[in-house]
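Next one to model:
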Amino acid sequence: MESIKLGKTDLEVTIIGIGTWAWGDKFFWNYGKQYGASQVQEAFNASLEAGITFFDTAEVYGLGESEKFLGNFSKQTTQPIDIATKYAPLPWRISPQAVTDAINASLKRLQLNTVTLYQIHWPFNFIMSQETLLNTLADAVQAGKIKSIGVSNYSATQMEEAYNILGKRDIPLAVNQVQYSLLYRQIETKGIKQKADELGVTILAYSPLAQGLLTGKYTPETKPDGARKFDSRFSGQGLTKIKPVLDLLFNLAAKYQKTPGQIALNWLICQGNVIPIPGAKNAQQAKENGGAAMWRLSSEDLKELETVSRPWL
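Numbers count the residues shown, from 1 in each chain. Below is the predicted model:
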């Protein structure tokens, strides 16, 4: 599997990661209904077999269950893996000690002494300043609890501010995790991608398959379960709107002998400085994710995809 550096750090991870929001999440993803712990473990094992060793989680995913799964699974393999998790800047977390406690709790659930990447889950404007939060994370780097620092859902301006604060501690801002796919390209028009490239901050692309829309498996008759069935994008009108994108994905899938989802993930890789982190609720999904790497779409095909997805800029 190809690897890529996390920003300007010396840390390298696989060019595709696995997002684990669905591991233990009962509300949005209906964990425990059509899939459960055994399918999640199979997804983990299949990811490793496909060469993917980078997993993204968060303390709020399944209220800690996702981290616990990763902790248990990682103890059952001798293969080194990289785990990224996230801190939720909730309004009642008002002190540096709250940050430290959150890091320690995540490490305990993950059964780790140090984690590859620790991110701030979303921007915040509460009592604790960004300087205090980021400096507390910098202290955790120096204490050896986390290896690198990232942010998530930050605007270009917020990302640059975080970059500058950490720069005073000689610590690079490693990543900004944002939504990015053929059906959500706003990080381009909002200047986030350009600013990340300028600063040397890697983009972690969450929902790279638009929560399954870009796999082409959904129709007005076959809707997803969980909260997604209420999403207008999965309605007949929503699916009609994205039909030109899906038609092209299916055509390219036939050309490259890949799946539509693998074409969509490869498009993201081809943007440069981007790590897509699709979810995987079972072994087959994990295997398909792995097949999106080790090859590249042609410049002509990339141009076609860019053109057909412009309505989502």
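
Give me the below-cutoff pLDDT ranges for the stretch 51-200 of the chain.
Along the stretch 51-200 of the chain, no part satisfies pLDDT under 70.

Show me where it has its helices.
Using DSSP state H, counting those that start in this stretch, the helices found in the stretch 51-200 of the chain span residues 65-74, 96-110, 130-142, 156-167, 186-189, 192-199.

Residue 240: how many residues sit nearby?
10 (other CB atoms under 10 Å). (C-beta placed from N, C-alpha, C; glycine too.)

From residue 92, how far out is it?
Relative to residue 92, residue 240 is positioned 44 Å away (CB to CB, to the nearest Å).

Please apply the same query to residue 127.
Look at residue 127 and residue 92: by CB to CB, they are 9 Å apart.

Of those two, which one has the most company?
Taking other CB under 10 Å, residue 127 and residue 92 do not tie; residue 127 has more neighbours (11 against 7).

which ones are touching the more buried one?
Taking CB atoms under 8 Å, 6 or more residues apart in numbering as the criterion, residue 127 is in contact with 91, 94.

what's the answer for residue 180, then?
Residue 180 makes contact with 187, 193, 203, 205-208, 268, 274, 276 under the criterion CB under 8 Å, 6+ apart.

Equivalent analysis for residue 63, please.
Neighbour list for residue 63: residue 24 [criterion: CB under 8 Å, 6+ apart].

Same check on the one 5 residues further on?
Taking CB under 8 Å, 6+ apart as the criterion, residue 68 is in contact with 24, 109.

For residue 111, see how far away it is.
In this view, residue 68 and residue 111 are 9 Å apart by CB to CB.

same thing with residue 179?
Here residue 179 is placed at a distance of 30 Å from residue 111 (CB to CB).

The stretch 201-313 of the chain: helices as residue ranges?
Under DSSP H, counting those that start in this stretch, the stretch 201-313 of the chain gives helices at 236-241, 243-256, 260-270, 283-290, 299-308.

For residue 3, find the nearest of these.
helix 260-270 (12.1 Å; CB to CB).

Remind me what that closest one packs against, helices and strands.
helix 243-256, strand 274-276, helix 283-290, helix 299-308 (3 or more CB pairs under 8 Å, 6 or more residues apart in numbering; DSSP states H and E).

could you check the angle helix 243-256 makes with the last one?
Comparing the axes of helix 299-308 and helix 243-256 via axes from the mean of the first three to the mean of the last three CA atoms, to 10 degrees yields an angle of 170 degrees.
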